[in-house]
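Visitor: After the sequence you'll find the predicted model.
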Amino acid sequence: MSGMTDAQEHQTDVIHNAAYEAIEKVLEPFGIDPEWSMEWIGELSDSIADIAKRYFGLTEMQVYPYIDDEDDPGPAEPTTRYFWDCDCEKNYIHSRIQEYCPACQSISCDHPNSTVSEVIKFLAAGE
């Protein structure tokens, strides 16, 4: 799943597996072994995310951080694995060596790679 952090990919796997296991349990008394299909797993994952939003105050992206191909604007700007973006408004580019942003308390593994063009501007500015 391109464009996602390792933590987002892990969370997406968690919700997909939970959806599959729930259907598997429901169908077990009927002797039906469901085949893995993203058509119904995605639909059930969306429903789980909606419930988590309504009843537990989480955002959809926290619970189900998928990338919807229909909304994909096309090829993304190239990124680099050597830098990451924290949640700060300014000075949000950090080297991957720095695993934590003291200003916003972001953790490197939970945030996306920086775009190459922004890293070039950041380095050229000497920040």
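Guide: Everything's here; your move.

Visitor: buried set for stretch 14-21?
Guide: Buried residues in stretch 14-21, counted by 16 or more other C-beta atoms under 10 Å: Ile15, His16, Ala19, Tyr20. For every residue, glycine as well, the C-beta is placed using N, CA and C.

Visitor: Stretch 110-119 now?
Guide: Under the neighbour-count criterion of 16+ other C-beta under 10 Å, stretch 110-119 has His111, Asn113, Ser114, Thr115, Glu118, Val119 buried.

Visitor: which ones among these are found in strands?
Guide: Mapping the buried residues of stretch 110-119 onto strands (DSSP state E) picks out Asn113, Ser114, Thr115.

Visitor: Looking at the residues you listed, which is nearest His10?
Guide: His10 has its nearest neighbour among those in Asn113, at 16.3 Å by C-beta to C-beta.

Visitor: Summarise which helices and strands the lengthiest strand in the chain is packed against.
Guide: When the chain is parsed with DSSP E, its longest strand is strand 79-85. Secondary-structure packing of strand 79-85 (3 or more C-beta pairs under 8 Å, 6 or more residues apart in numbering; DSSP states H and E): strand 93-95, strand 113-115, helix 116-125.
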